[in-house]
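Predicted model, plus sequence, below.
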Amino acid sequence: MRGDLHAGLDWSEKDRIRNDLALAQLRAGDHAGCLKTLEPLREAAGQSDNDIRSNYLPEEARLLLPIVRATRTNLKLCQG
C-alpha cells in the first residue's frame with residue numbers, strides 16, 4: 001500500500017475532495033475542522049472570478065472557477 005493516498009490525483013481533484021471533506025465535517029458539526037480543511041484554498045477563494053480569469057491560463061481558470069465558487073460558499077457555511 002502506498003503511503004500517499006493522494007499521489008495519483010491532480011490539483012483540481014484534490015481541491016474538489018477537500019471541499020467535499022469540509023462539507024462532511026460541517027455536517028458532523030466540526031466547524032473548526034471544516035475551516036482548517038479549506039485553509040489551503042482560502043487565498044484562491046479570496047480572488048474575484050475576473051482575477052482568476054486574468055491570473056491563470058484559460059484551462060486552469062476553467063477548472064479552478066467552480067472549485068473557488070464552491071470554496072467561497074463552504075467557507076461561509078463553515079463560519080456559521
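Everything's here; your move.

And the helices in the protein?
11-27, 31-38, 42-45, 49-55, 58-79 (DSSP state H).

Would you mind putting those into a markdown table with mean neighbour count alongside?
For glycine as for every other residue, the C-beta is placed from the backbone atoms N, C-alpha and C. A markdown table is the format used below for the helices of the chain (neighbours: other CB atoms under 10 Å):
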| stretch | mean neighbour count |
| --- | --- |
| helix 11-27 | 16 |
| helix 31-38 | 18 |
| helix 42-45 | 14 |
| helix 49-55 | 13 |
| helix 58-79 | 16 |
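
Using TSV, lay out these together with mean pLDDT.
Formatted as TSV, the entries for the helices of the chain read as follows, by pLDDT from 0 to 100:
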stretch	mean pLDDT
helix 11-27	96
helix 31-38	98
helix 42-45	96
helix 49-55	96
helix 58-79	97
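
these two touch, right, C34 and C78?
Yes - C34 sits in contact with C78 when judged by CB atoms under 8 Å, with a separation of 3.7 Å.

Overlap of the contact sets of those two?
22, 25-26 (CB atoms under 8 Å, 6 or more residues apart in numbering).

Can you tell me which of these comes closest to A45?
Ranked by distance to A45 (CB to CB), the shared contacts of C34 and C78 are led by A22 at 11.5 Å.

who's in contact with that closest one?
Contacts here follow CB under 8 Å, 6+ apart; on that basis A22 touches 33-35, 37-38, 74, 78.

Try it again at 7 Å.
Counting by CB atoms under 7 Å, 6 or more residues apart in numbering, A22 touches 34, 37-38, 74, 78.
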